[in-house]
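**Student:** Sequence plus predicted model, see below.
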Amino acid sequence: MEAKRVYIPVLLRAADNLDPETREFPFVITSESKDSYRTVFKADGWKMERFIKHPVVFFQHRSSSPDPDDLIARSTKLYRDGNTWVSNTLFETEDVNPKAEKLRKKLLSGTPLMASIGADVTKYRMGDASKDEDPEAIIFEEQELFEYSIVTLGSNPDATIKRNDEVFKQIRSELSENSDTSTETEKPKGLSVMRARLELYKSKKF
């Protein structure tokens, strides 16, 4: 059984009253809140070592792009705040990367961009009602962060939803066939699913 590669929402944290000259933005990359897909990512289960060693932020998940400007930023600080993980994102300067500068200005102006992180999920189970969990929810207990990206609204949202539905249907099917309460995999090979939604918070304080 293979690990599942998923892309999940990234939130811009406390975007009000930002200095127009700032190049660094805090993003809430994950929390334990149940999302619209009825999935929960446990804060204790995140493995961040790979990302910390290479804290890259791309444009449109173009990690294999020949254009060096698709690498638009880096994470300067990754930290846990309760059940939330936050990453400070430092955009490259205009003289180094005009694309990064344009995206930075769009964030400041409130242009609705999307952002998502990529993670390899290696352990998951169904919710346990005895623990006050939704028994129909998928609980991800171990996952490894490998990158996150700023993305536009140009991608097909219907295709995104379709891919998500297919992956989570497969996970539910695997869990229903397994009498154990958790499912583990050895090698994170990856089944890709795009899960990037418009989640740019402009006023909410976390």
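**Tutor:** Received it, and whenever you're ready, just let me know what you need.

**Student:** residue ranges with poor pLDDT in this protein?
**Tutor:** Scanning the chain for pLDDT under 70 picks out the ranges 1-17, 36, 112, 114-115, 153-165, 168, 179-206.

**Student:** And the helices in it?
**Tutor:** In the chain, the helices defined using DSSP state H lie at 49-53, 98-109, 157-177.

**Student:** And these: which comes nearest Lys34?
**Tutor:** For these, the distance to Lys34 is smallest for helix 157-177, at 13.0 Å, taking Cβ to Cβ. All C-beta spots, glycine's among them, are computed from the backbone N, C-alpha and C.

**Student:** Can you say which of the helices of the chain is packed in most?
**Tutor:** Of the helices of the chain, the one with the most neighbours on average (mean count of other Cβ atoms under 10 Å) is helix 98-109, at a mean of 17.

**Student:** Contacts for that helix, please.
**Tutor:** 12, 15, 18, 20, 22-23, 25, 59, 69-70, 72-73, 91-94, 113, 150, 200 (Cβ atoms under 8 Å, 6 or more residues apart in numbering).

**Student:** Could you dump the helices of the chain into JSON lines with distance to Ala129 added?
**Tutor:** Formatted as JSON lines, the helices of the chain follow (distance: least, Cβ to Cβ, whole Å):
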{"stretch": "helix 49-53", "distance to Ala129": "33"}
{"stretch": "helix 98-109", "distance to Ala129": "41"}
{"stretch": "helix 157-177", "distance to Ala129": "15"}
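
**Student:** on that earlier part again, mark which of the contacts of helix 98-109 are part of strands, please.
**Tutor:** Judged by DSSP state E, strands contain the following of the contacts of helix 98-109: Leu12, Phe25, Phe59, Ile72, Ala73, Phe91, Ile150.

**Student:** these two touch, right, the last one and Asp70?
**Tutor:** When you say that, I think you mean Ile150. No. Taking Cβ atoms under 8 Å as the definition, Ile150 is not a contact partner of Asp70, at 10.3 Å.
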